[in-house]
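Q: Sequence below, structure please.
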Amino acid sequence: MYYIGLIGMFLIITGWIVSFKETPPFSLSVLYCLGSSLLAYYAHTLGDPIFLFLNSLAAIVSLLNAIRCLVKSRKKGSS
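A: The predicted model follows:
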């Protein structure tokens, strides 16, 4: 089962990499970041390293997307 979890994690991360070109909406990024952070904490309390890593990475990617949205909107506002 551990290997199935690793394969699933790899596929999800690959999907993120492929779709990283497009910036998702700010509100979605913030909600995803908060939800992933809570799930990472939950995975930590369960002692599940695969879900801890995956949700921690999801929180980081979502935070980066939120920052990208803010930077993009500032550039549009200053133009």
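
Q: Where does the closest residue to residue 68 other than its chain neighbours sit: helix, strand or coil?
A: Computed as CB to CB, 6 or more residues apart in numbering, the closest residue to residue 68 that is not its neighbour in sequence is residue 23, at 5.0 Å. No exception for glycine: its C-beta is placed from N, CA and C like everyone else's. Secondary structure, DSSP: H, G, I helix; E, B strand; the rest coil: residue 23 is coil.

Q: Going forward, the N-terminal residue is numbered 157.
A: Noted, 157 is the first residue going forward, which turns the last one into residue 179.

Q: contact partners of stretch 190-205?
A: Under the criterion CB atoms under 8 Å, 6 or more residues apart in numbering, residues 207, 208, 210, 211, 212, 214, 215, 218 lie in contact with stretch 190-205.

Q: For it, what does the pLDDT average out to?
A: For stretch 190-205, the mean per-residue pLDDT is 96.

Q: Low-confidence bits of the protein, can you list those?
A: The chain contains residues with pLDDT under 70 at 235.

Q: how about the strands in it?
A: Counting by DSSP state E, the chain has no strands to list.

Q: Tell me how far the most centrally placed residue in it lies from residue 227.
A: Taking CA atoms, centre = their mean, the centroid of the chain lies closest to residue 214, which sits 2.2 Å from it. Distance, residue 214 to residue 227, using CB to CB, to the nearest Å: 20 Å.

Q: Also residue 179?
A: For residue 179, the distance to residue 227 equals 9 Å [CB to CB].

Q: and if you look at residue 175?
A: Taking CB to CB, one finds residue 175 at 18 Å from residue 227.
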